[in-house]
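Undergrad: got a structure for you, letters missing:
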């Protein structure tokens, strides 16, 4: 599998996981945080609807999923005996 495929898969999974509710941290009634494994979005409803974007959380999630899939392919090729990497 090429690096471009790893980048594409990681990017798509990061976008999909950006909307999973973030279960940790301080929780307020007017705030909802989303992102897995790191927080990506904050939604506020104090006076009007606002949102915040956590760039470092998005970058962390991208590299987290990139290395996760990279290791998954490496380990599967090692155990299955394929030498395509």
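TA: Yep, that arrived. Bear in mind the structure is a predicted one, so any value in this text is a computation, not a measurement. Residues are numbered from 1 along each chain as shown.

Undergrad: Enumerate the positions of the helix ranked longest in the chain that are buried.
TA: Longest helix in the chain, counting residues (DSSP state H): helix 55-80. For helix 55-80, the neighbour count (16 or more other C-beta atoms under 10 Å) marks 57, 58, 60, 61, 62, 64, 65, 66, 69, 70, 73 as buried. For glycine as for every other residue, the C-beta is placed from the backbone atoms N, C-alpha and C.

Undergrad: Not counting sequence-adjacent ones, nearest residue to the second one?
TA: Leaving aside its sequence neighbours, residue 58 sits nearest to residue 40 (C-beta to C-beta, 6 or more residues apart in numbering; 5.1 Å).

Undergrad: The third one now?
TA: Beyond its immediate neighbours in the sequence, the residue positioned closest to residue 60 (C-beta to C-beta, 6+ apart) is residue 38, lying 4.5 Å away.

Undergrad: swap in the first one?
TA: The shortest distance from residue 57 to any residue other than its chain neighbours is 3.9 Å, reached at residue 38 (C-beta to C-beta, 6+ apart).
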